[in-house]
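*Asks:* I would like the atomic coordinates for the input below:
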Amino acid sequence: MMKQLAILVLFVVPAFSQPLSADAFSTLDREVAGLMDAWVNMAEGRSDESAGLFIAGTAILRAETAYGIAVISSSDALPAEVIDSWFAYLKSSADCINHFREAAGSVSTAATEKVLLASFARWETQGEKFLESVQSTR
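*Replies:* Okay, here's the model as predicted:
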């Protein structure tokens, strides 16, 4: 049964993938940035704890959905010099989502916040590198 499922995934997922578009990138970028907004909201105590957790959970779901769409988007049309920066950007986005999930789901400490902020800094750098690589091909 697992082998049949794996074969189904191998043939069905590529059939549904669309070429990578500016919308896929901008949506992922916006939703990962939304994680930082949710973190600032929680860290500054702008809402009570349950509302902050709801906002954080919603931000995670939105970012994960955008990430899933970006991952299954076909990068075949990207120039060779852009592909590496795209995959580095995807990796840094996943890293942000995972670190945010850890930080939002536990008692926040200075160490947790430091790791999360470093993750966001790497994500921001990778996003800039991706955009620069796209612009250099024009």
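
*Asks:* can you give me the helices in the protein?
*Replies:* Using DSSP state H, the helices assigned to the chain run over residues 2-16, 22-43, 49-72, 80-104, 110-136.

*Asks:* dump those helices to TSV, plus mean neighbour count.
*Replies:* Every residue, glycine included, has its C-beta placed from N, CA and C. Formatted as TSV, those follow (neighbours: other C-beta atoms under 10 Å):
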stretch	mean neighbour count
helix 2-16	9
helix 22-43	18
helix 49-72	16
helix 80-104	18
helix 110-136	15
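
*Asks:* possible to save those helices as TSV with mean pLDDT?
*Replies:* TSV is the format used below for the helices of the chain (pLDDT from 0 to 100):
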stretch	mean pLDDT
helix 2-16	46
helix 22-43	90
helix 49-72	90
helix 80-104	92
helix 110-136	92
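
*Asks:* from residue 51, how far out is the residue nearest to the spatial centre of the chain?
*Replies:* For the chain, the residue sitting closest to the mean C-alpha position, by C-alpha atoms, centre = their mean, is residue 93 at 3.4 Å. Note on residue 93: its distance to residue 51, by C-beta to C-beta, to the nearest Å, is 26 Å.

*Asks:* need phi/psi at residue 76.
*Replies:* phi -60, psi -30 (degrees, to the nearest 10).
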